[in-house]
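Engineer: Got a sequence here, can you build the structure:
(chains A, B, C and D)
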Protein chains: 4
Amino acid sequence: MSELFEFGKRILASQPFSVLLNTELDRFEPGMAHLSIIVRDEFKQQHGFVHGGVISYLADNALTYAGGSILGDSVTSEYKINYLRPAIGQRLVAKATVLSSGRTQAVCQCKVIAMNENDEQTVAVAQGTIIKVEPRN
Amino acid sequence: MSELFEFGKRILASQPFSVLLNTELDRFEPGMAHLSIIVRDEFKQQHGFVHGGVISYLADNALTYAGGSILGDSVTSEYKINYLRPAIGQRLVAKATVLSSGRTQAVCQCKVIAMNENDEQTVAVAQGTIIKVEPRN
Amino acid sequence: MSELFEFGKRILASQPFSVLLNTELDRFEPGMAHLSIIVRDEFKQQHGFVHGGVISYLADNALTYAGGSILGDSVTSEYKINYLRPAIGQRLVAKATVLSSGRTQAVCQCKVIAMNENDEQTVAVAQGTIIKVEPRN
Amino acid sequence: MSELFEFGKRILASQPFSVLLNTELDRFEPGMAHLSIIVRDEFKQQHGFVHGGVISYLADNALTYAGGSILGDSVTSEYKINYLRPAIGQRLVAKATVLSSGRTQAVCQCKVIAMNENDEQTVAVAQGTIIKVEPRN
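Structural biologist: As a prediction, the model looks like this:
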């Protein structure tokens, strides 16, 4: 396991909200990050689909991770998300990549994919700005 | 309690993810909606602030509610959020309003406010498009 | 005329694209900016409405001005715009305000209003991040 | 020249603002569109770079074209753009693709690339929603 991947796992384990949703870090390399969750009934909305808030959380977090793979400890400054279709599936994966980065910020894009036994569908796309967090003394 | 407010409460109770986060509907009138959550430790990220995913969830849901106050049962098509400062507080309130609406969609804005005993601060602003869900037969 | 307003006029006069569109600075105070253009036929699209690109330009520029009223010489880092209705009118005004600002960036919102002799309508709303430009040596 | 490409050229020629900027349609196929402009001094801002409004116009228009390649005559409902670096170059090309489409709308992404004799750089990325225009009677 690479040092970066270990760093990523450690950050995820220190995010209580990610622990609550049981988010997994599947891939974490310079310029990209994949985060996933197993869909539980309690993640849904009134029509039986995964709640947009869960999809947004996963996209937001994957964007931050992608940026953080270059910048170190980071937060999302802003992002935009388009929901493409209702999210039905056993598992959601958010795949984010860095499009451009500087010393203190990175612009990233992300796809959120709903996975079932036999197929997968992109359910949302996001784009946003990640900024480096200066260490607190 | 107005009919609209009852409708809103019923929808919220039928969203398992909102039940998980214990979201409250504080206000729901034609053209506006206020949703809030009591901040629990499990809603936080690695720096001790409320996780962006929670803020996004609340903003997204408030946008949908605002749109839904005009359109009826609705979902978020897309939105954009800017985080303004770290969210620290006992309670988060998302206040959304409709800027413009047609027969099938509405454009809404939202502020997310972190509330403490003695002060409140806007921690995020969002803007998005809400679309009416046609009833399933 | 305030020093800030003079600074704003000078910047506008030094933007060839704003000169091409004959953009006017109507108001420029700490935390807000109003920019306007007289609609010419050459600003339109195929349906006879003002081209979205003109509306975006005006919104983008007003966002930068609002941020710049606090930060000094600035550029837009990112923004999002929703078009609310076709823009018909003799004049377009973009009114932008600062929602939040720090040392190097500001988050701003903007409305673009189409004005006719007898009425006015908001045709677009935008939200974005403005960043301070460090002086070039 | 394909029927779609001819349709696209005809639309572009009927947009006075595109004629003013002398926009070219370089490629137009189902699911994608490339639009470009030759950079003129009058397209610049105060630092000598291409004005963000020009980049936004080109991105917006390319998004609409990409959506329109599937939907027919269309307009942009909303989009978001991140500027990645100052735009310097002889030519700007916006390359847009459709990510997802339905009967009445499409979600598209776009890159804007600044081209010089010896290199090219992506200067902006955009994502937005395109909606079909119903024919006027």
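Engineer: what ranges do the helices span in chain A?
Structural biologist: Here chain A has its helices, by DSSP state H, at A:3-13, A:16-21, A:52-71.
Engineer: Need these in a markdown table (columns: mean pLDDT).
Structural biologist: What follows is those, written out as a markdown table (pLDDT from 0 to 100):
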| stretch | mean pLDDT |
| --- | --- |
| helix A:3-13 | 96 |
| helix A:16-21 | 97 |
| helix A:52-71 | 98 |
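Engineer: Please identify the most buried of these.
Structural biologist: helix A:52-71 (a mean of 28; mean count of other Cβ atoms under 10 Å in any protein chain shown). For the C-beta atoms, the positions are set from N, CA and C on the backbone; glycine is no exception.
Engineer: Could you check it against chain C for contacts?
Structural biologist: No - against chain C, helix A:52-71 shows no contacts by Cβ under 8 Å from any Cβ of the partner chain, the least distance being 12.9 Å.
Engineer: Return the distance of that helix from the chain's centre.
Structural biologist: 3 Å (Cα atoms, centre = their mean, to the nearest Å).
Engineer: before we move on, what about stretch A:115-127?
Structural biologist: Counting by Cα atoms, centre = their mean, stretch A:115-127 is centred 13 Å from the centre of its parent chain.
Engineer: could you check the distance from the nearest residue in space to A:S100 that is not next to it in sequence over to chain B?
Structural biologist: Leaving aside its sequence neighbours, A:S100 sits nearest to D:L84 (Cβ to Cβ, 6 or more residues apart in numbering or on different chains; 4.1 Å). D:L84 sits 17 Å away from chain B, going by Cβ to the nearest Cβ, to the nearest Å.
Engineer: swap in A:G89?
Structural biologist: A:G89 is 15 Å from chain B, by Cβ to the nearest Cβ.
Engineer: give me the number of residues near that residue?
Structural biologist: A total of 20 residues lie near A:G89 under the criterion other Cβ atoms under 10 Å in any protein chain shown.
Engineer: Report the contact partners of it.
Structural biologist: A:39, A:50, A:114-116, A:120-121 (Cβ atoms under 8 Å, 6 or more residues apart in numbering or on different chains).
Engineer: and what of A:V98?
Structural biologist: Neighbouring residues of A:V98 by Cβ under 8 Å, 6+ apart: A:31-32, A:66-67, A:69-70, A:106-108.
Engineer: Leaving out sequence neighbours, find the closest residue to A:G67.
Structural biologist: A:G67 sits nearest to A:I130 (Cβ to Cβ, 6+ apart), 2.6 Å away.
Engineer: which intervals of chain A have sub-threshold pLDDT?
Structural biologist: For chain A, the stretches with pLDDT under 70 are A:136-137.
Engineer: What parts of it come near chain B?
Structural biologist: Counting by Cβ under 8 Å from any Cβ, the residues of chain A near chain B are A:11, A:14-20, A:41-47, A:51-54, A:56-58, A:60-61, A:64, A:73, A:75-83, A:133, A:136.
Engineer: got the angle between the longest strand along chain A and strand C:120-132?
Structural biologist: When chain A is parsed with DSSP state E, its longest strand is strand A:120-132. Interaxial angle of strand A:120-132 relative to strand C:120-132 (axes from the mean of the first three to the mean of the last three Cα atoms, to 10 degrees): 60 degrees.
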